[in-house]
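Colleague: sequence plus predicted model, see below.
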Amino acid sequence: MKTRNLILAGAATLAFFSFTKQEVTTVETEATPALRNIKNSAFKAGEKLEYRLHYGIINAGIAILEIKPLAKKIAGRDVYHIVGSGRSKGAFDWVFKVRDTYETFLDVDGIFPWLFVRDINEGGYKKQQTYKFAQNNNKVDNGKGKYFKAPHGVQDMLSAFYYARSIDYSKAKKGETFTIWSFVDDELWPLKIRYLGKDQIKVGGDKYKALKFCPVVQEGRLFENEEDVTVWISDDENKIPLLAQGKVLIGSVKMELSKAKGLANPSAKID
């Protein structure tokens, strides 16, 4: 098994921690027909989340997610510029250097991407992608002269994380599995998550009320069983991932929240 996949396991649990259904409305204008509007109070510009990545007992890296306002509009609509970065650190950085950057330009009202940029370097493995999402005609341009048909509101690897946070989980039933379509590596993927109920967890010495989920992963490639990853998100209006951990074929990976700034709502932290 490639060491690179151990880093990707941690990143994937954040990127795809939750996917579900939601009622939306559409807005029709001359420039952007039938683009949806979603009521979102979970996040806002200025939010910054920082995470620690562990492989076994090794403190292997950090990840940062930051929401920035974009000065210009796209298709006449306001857009967030969201940047996610990850890097290895300490002794792990000497043996397997990681420098990853993900960017999504997210429609403020529709919570869908207009543009996705990926630039990764993981132990010498490099990859760059630029996807343009024509949300008003259900197509994705992969930046290499090829166009793909896509469902309305299709997500990218990073925007899916924020779309999931805009959802009301108050009526979710334990054991219920939800799906959302995302465009990943020139393919449409039905990303799935199973709701496991309410919980309380400790992260960095603080205790939180949480919602527990299990992303349904692919067996055999990195995980032995399809339910080897568990994610806890805050049981509040922010719905931020607090902890993601999984058993891989060799060892375990964990990502935990270390800092949270600029939240839109009070935290579910228990005093």
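Modeller: Happy to help now that I have it.

Colleague: where does pLDDT dip in this protein?
Modeller: Segments of the chain classed as low confidence (criterion: pLDDT under 70) are 1-33, 217-227, 248-251.

Colleague: please redo it, this time with the cut-off set to 80
Modeller: Low-confidence segments of the chain, defined by pLDDT under 80, are located at 1-34, 56-57, 71, 178-180, 215-228, 247-252, 271.

Colleague: mind jotting down where the helices sit in it?
Modeller: Remark: helices of the chain, listed N- to C-terminal, are 4-15, 90-95, 159-165; assignment by DSSP state H.

Colleague: and residue 41, how far from residue 104?
Modeller: Going from residue 41 to residue 104 by Cβ to Cβ, to the nearest Å gives 20 Å. All C-beta spots, glycine's among them, are computed from the backbone N, C-alpha and C.

Colleague: these two: which has the busier surroundings?
Modeller: More crowded of residue 41 and residue 104, by other Cβ atoms under 10 Å: residue 104, with 27 against 13.

Colleague: what's near enough to touch that one?
Modeller: Contact partners of residue 104, counting by Cβ atoms under 8 Å, 6 or more residues apart in numbering, are 82, 113, 115-117, 156, 158-159, 162.

Colleague: what about 10 Å?
Modeller: 79-84, 112-118, 131, 133, 155-162 (Cβ atoms under 10 Å, 6 or more residues apart in numbering).

Colleague: just the ones of those residues in strands?
Modeller: Counting by DSSP state E, the members of these that fall within strands are 79-84, 113-118, 131, 133.

Colleague: okay, now residue 70: neighbour count?
Modeller: Tallying neighbours of residue 70 according to other Cβ under 10 Å, which is how burial is gauged here, yields 16.

Colleague: what does residue 135 give?
Modeller: 23.

Colleague: my guess is it contacts residue 106. True?
Modeller: No - applying Cβ atoms under 10 Å as the test, residue 135 and residue 106 come out as separate, 11.1 Å apart.

Colleague: mutual contacts of those two, please.
Modeller: By the contact definition Cβ under 10 Å, 6+ apart, residue 135 and residue 106 are jointly contacted by 74, 112-114.

Colleague: just give me the closest of the residues you listed to residue 211.
Modeller: Of all the shared contacts of residue 135 and residue 106, residue 112 has the smallest distance to residue 211: 23.1 Å, by Cβ to Cβ.

Colleague: next one: the closest residue to that closest one other than its chain neighbours from residue 246, what distance?
Modeller: Leaving aside its sequence neighbours, residue 112 sits nearest to residue 153 (Cβ to Cβ, 6 or more residues apart in numbering; 4.8 Å). Look at residue 153 and residue 246: by Cβ to Cβ, they are 28 Å apart.

Colleague: which single strand of the protein contains the most residues?
Modeller: Ranked by residue count under DSSP E, the longest strand found in the chain is strand 187-203.

Colleague: chain center to that strand, what's the gap?
Modeller: When C-alpha coordinates are averaged (Cα atoms, centre = their mean, to the nearest Å), strand 187-203 and its chain have centres 11 Å apart.

Colleague: right, I'll call it a day here.
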